[in-house]
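> The sequence and its predicted three-dimensional model are supplied below.
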Protein chains: 2
Amino acid sequence: MRNRPIPEATVARLPVYLQALLSLAEDRRQMTVSSDELAQMAGVNAAKVRKDLSYLGSYGTRGVGYDVEYLLYQITRELGLTQDLPAAIIGLGNLGRALASFKGFAERGFKISALFDVDDSVVGTNVGRIKVRHLDDLKDIVAEEGVVIGIIATPPAPAQLVAERLADAGIKSILNFAPAVVKVPPDVTVRKVDLSIELQILSFYQQRNQAIATAREASRRLGTSDPSPQARRPH
Amino acid sequence: MRNRPIPEATVARLPVYLQALLSLAEDRRQMTVSSDELAQMAGVNAAKVRKDLSYLGSYGTRGVGYDVEYLLYQITRELGLTQDLPAAIIGLGNLGRALASFKGFAERGFKISALFDVDDSVVGTNVGRIKVRHLDDLKDIVAEEGVVIGIIATPPAPAQLVAERLADAGIKSILNFAPAVVKVPPDVTVRKVDLSIELQILSFYQQRNQAIATAREASRRLGTSDPSPQARRPH
DNA sequence: ACGCGCTTGTGACCTAAATCACAAAGTCTG
DNA sequence: CAGACTTTGTGATTTAGGTCACAAGCGCGT
Ligand SMILES: NC(=O)c1ccc[n+]([C@@H]2O[C@H](COP(=O)([O-])OP(=O)(O)OC[C@H]3O[C@@H](n4cnc5c(N)ncnc54)[C@H](O)[C@@H]3O)[C@@H](O)[C@H]2O)c1
Ligand SMILES: NC(=O)c1ccc[n+]([C@@H]2O[C@H](COP(=O)([O-])OP(=O)(O)OC[C@H]3O[C@@H](n4cnc5c(N)ncnc54)[C@H](O)[C@@H]3O)[C@@H](O)[C@H]2O)c1
């Protein structure tokens, strides 16, 4: 099973297990954890946990479970979080500032090492400990600080340009908060986080469930049964 | 094809098409759009666009494409965005404030109608136009304002409690920014947005690609060819 | 040493989604 | 109005992922 490529879906869940393991490691009561417990904590099912972990290797002990510390280390290593990765934020508006002053990244393997904007009233000011630099200095400072992750928090319009600058500066990993699709060279990975999209998805299920409830209510009054048999839940 | 339940994956893409269509509708040059153009803009392939749209109905014209305005309306309707949905934010720290003062929600179908916190130095203050209320008043104010979406922006520890309060107040849709898995009754939908997880996923691919590049480099120097044949790209 | 209960690791199976590929239906041109 | 050209809509096929179910492995008690 080992050395098979790790499925994308599994990669996306490893951080969730990591989080769970961290909280177990904190209160030192539990040296070991079963796939079942971990599944509970991560909100998935136990078979999935076991299969996911089996891609990393046979780190469990039958009849016992997984050693918390050891598994923690293995996942950390697999995710490449053994040392803090330097990240840069581009665009220091509402969101960029919130991200920049967020203390939680450090304990999860990241370090905000540089900030960039183009607005003269922002460039040169400090946000937290770090001075905001002009976007034109991106390439130099990325090289200087060894930045490997770029976080786009500009308005949507300049997002494409910013992504290109990042790619040009040698950055291969981009997290994009702007509601815009950005195109990058094939060796660059972009992940998009769009809060409005998340809300719109919620809206869809909200409306659908409401429609189902309404239909059921109506049919109840009419004395018929089961108005729409496709009443499945999301997720 | 109509009246088949819309696949989850399709629902997640509809907002992306919506965004693309909005930008087309703005510059009024194009009355119509082909699946190919839309695919380009949304960053997916054309067949997927057509299949996705076909779940909504046959709104296209062969040889021509889709009418921008009409499609815009149909997607808006399908997502339940015909009127602004009232949302509440719980937890007005860095992130909560950024969200509360974000102007972009209105134009995407949402309205921040209430704010909640428990910290005495925050409760009673105004953020933007809205006064921050105490979490204990949640149920009343949710009923009063007709809030249907809850946005959790508290630290992870109280997230579960907040989710329960939201569910108790009758809210069926929750967007959770806290890095914690929350359990809710089966009729409530939760979506989680975890920035650290996104960064950790990027970290994984970053490291993997780097490892591949290093291996290739090593083998190049040694004069051998193709060190690891499983050099597939993420996504 | 041995059997019992617990838990992993994984093949087999099932479901959802992505992709392919092409007939059907339209536009446009001369 | 025929024929070339576009583009949709959708069955068929492939791929990825989720779930099931159980043999194999381990610890512990006796
Ligand atoms: N604030 C939120 O809560 C929120 C919520 C959802 C989505 N977003 C998205 O996140 C992004 C940022 O939101 P915001 O509220 O912080 O916006 P904002 O307008 O407050 O800040 C944008 C910042 O980007 C800077 N900027 C503009 N062009 C730039 C460029 N070419 N290079 C570098 N910097 C540039 C501006 O000077 C400004 O400081 C937007 O795309 C927005 O749609 C924000
Ligand atoms: N700030 C960021 O950029 C960022 C990035 C990633 C993740 N997050 C996550 O988002 C959440 C919020 O982050 P933040 O930086 O705004 O934190 P913060 O500490 O600045 O703010 C948290 C707010 O929640 C309030 N609060 C605490 N307990 C509460 C309760 N029981 N009910 C209501 N309100 C309560 C606090 O009074 C405070 O105002 C955290 O879980 C954090 O991990 C934030």
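Great, that's in hand. Residues are numbered from 1 along each chain as shown, chains lettered A, B, ... in the order given. Ligands and ions are numbered 1, 2, ... in the order given.
> chain center to the least confident helix or strand in chain A by mean pLDDT, what's the gap?
Across the helices and strands of chain A, mean pLDDT, DSSP states H and E gives its lowest value to helix A:195-222, namely a mean of 89. Once both centres are worked out by CA atoms, centre = their mean, to the nearest Å, helix A:195-222 turns out to sit 28 Å from its chain's centre.
> now check that helix, is it near chain B?
Yes. Using CB under 8 Å from any CB of the partner chain, we find that helix A:195-222 touches chain B at A:195-209. Bear in mind the C-beta positions are built from the backbone N, C-alpha and C, glycine included.
> Which stretches in chain A count as strands?
Taking DSSP state E, the strands of chain A run over residues A:32-33, A:60-61, A:65-67, A:85-90, A:110-117, A:126-127, A:130-134, A:149-152, A:173-176, A:189-192.
> so which of the ones you listed is the most packed in?
Ranked by average neighbour count under the criterion mean count of other CB atoms under 10 Å in any protein chain shown, those are headed by strand A:149-152 at a mean of 27.
> so does stretch A:10-19 get close to chain B?
Yes. Counting by CB under 8 Å from any CB, chain B is contacted by stretch A:10-19 at A:11-12, A:14-16, A:18-19.
> ok, now which ones touch the closest residue to ligand 1 within chain A?
Closest contact between chain A and ligand 1, by CB to the nearest ligand atom, is at A:Gly93 (1.7 Å). For A:Gly93, the contacting residues are A:153-155, by CB atoms under 8 Å, 6 or more residues apart in numbering or on different chains.
> Residue numbers of chain A in contact with ligand 2?
For chain A, the residues found near ligand 2 under the criterion CB under 6 Å from any ligand atom are A:98-99, A:102, A:104.
> Looking at neighbours, which among those is most surrounded?
Using other CB atoms under 10 Å in any protein chain shown as the contact criterion, the top neighbour count among those goes to A:Leu99, which has 24 neighbours.
> Any regions of chain A where pLDDT drops low?
Filtered on pLDDT under 70, chain A yields the residue ranges A:1-2, A:224-235.
> Get me the contact residues on it for ligand 1.
Those residues of chain A that sit near ligand 1, judged by CB under 6 Å from any ligand atom, are A:90-96, A:116-119, A:122, A:135, A:153-156, A:158, A:161-162, A:177-179, A:195.
> Any chance of a PyMOL selection covering the buried ones in the residues you listed?
Command for PyMOL, covering only those of the residues of chain A next to ligand 1 found buried under the criterion 16 or more other CB atoms under 10 Å in any protein chain shown:
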select buried, chain A and resi 90+91+92+93+94+95+96+116+117+122+135+153+154+156+158+162+177+178+179+195
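> which ones are touching the nearest residue to A:Gln30 once chain neighbours are set aside?
Nearest residue to A:Gln30 in three dimensions, chain neighbours excluded: A:Leu24, at 5.3 Å (CB to CB, 6 or more residues apart in numbering or on different chains). The neighbourhood of A:Leu24, defined by CB under 8 Å, 6+ apart, consists of A:30, A:33, A:41, A:68.
> and those as CSV, adding distance to B:Leu79?
Converted to CSV, the contacts of A:Leu24 look like this (distance: CB to CB, whole Å):
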residue, distance to B:Leu79
A:Gln30, 43
A:Val33, 40
A:Met41, 32
A:Val68, 42
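> Taking these, please make a PyMOL selection of just the buried ones.
Buried residues within the contacts of A:Leu24, by 16+ other CB under 10 Å, are selected in PyMOL with:
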select buried, chain A and resi 33+41+68
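> Closest one of the contacts of A:Leu24 to ligand 2?
Proximity of the contacts of A:Leu24 to ligand 2, judged by CB to the nearest ligand atom, is greatest for A:Met41, which lies at 16.7 Å.
> wait, doesn't the closest one sit right on A:Leu18?
No. Applying CB atoms under 8 Å as the test, A:Met41 and A:Leu18 come out as separate, 11.1 Å apart.
> one step back: including distance to A:Asp140, could the strands of chain A go into TSV?
What follows is these, written out as TSV (distance: least, CB to CB, whole Å):
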stretch	distance to A:Asp140
strand A:32-33	46
strand A:60-61	47
strand A:65-67	45
strand A:85-90	12
strand A:110-117	10
strand A:126-127	19
strand A:130-134	9
strand A:149-152	15
strand A:173-176	19
strand A:189-192	23
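> Out of these, the one nearest DNA strand C is which?
Closest approach to DNA strand C among the strands of chain A (CB to the nearest atom of the strand): strand A:60-61, 3.0 Å.
> how far is that closest one from where the chain is centred?
Between the centre of strand A:60-61 and the centre of its chain there are 28 Å (CA atoms, centre = their mean).
> And the contacts of it?
A:32, A:35, A:50, A:53, A:66-67.
> Report the buried members of the residues of helix A:195-222 next to chain B.
For the residues of helix A:195-222 next to chain B, a burial check counting by 16+ other CB under 10 Å picks out A:195-209.
> Identify, from those, the entry nearest to B:Gly128.
Ranked by distance to B:Gly128 (CB to CB), those are led by A:Leu195 at 16.4 Å.
> check contacts around the closest residue to the closest one other than its chain neighbours.
Closest residue in space to A:Leu195, ignoring its immediate chain neighbours: B:Val193 at 6.9 Å, by CB to CB, 6+ apart. Each residue near B:Val193 by CB under 8 Å, 6+ apart is listed here: A:193, A:195, A:198, B:175-177.
> For those, work out which two are farthest apart.
Largest separation among the contacts of B:Val193 by CB to CB: A:Val193 and B:Asn176, giving 13.5 Å.
> what's the spacing between A:Leu53 and A:Asn176?
Distance, A:Leu53 to A:Asn176, using CB to CB, to the nearest Å: 30 Å.
> Now for the residue of chain A found nearest ligand 2: which residues touch it?
Sorted by distance to ligand 2 under CB to the nearest ligand atom, the residues of chain A start with A:Phe102, at 3.4 Å. For A:Phe102, the contacting residues are B:94-95, taking CB under 8 Å, 6+ apart as the criterion.
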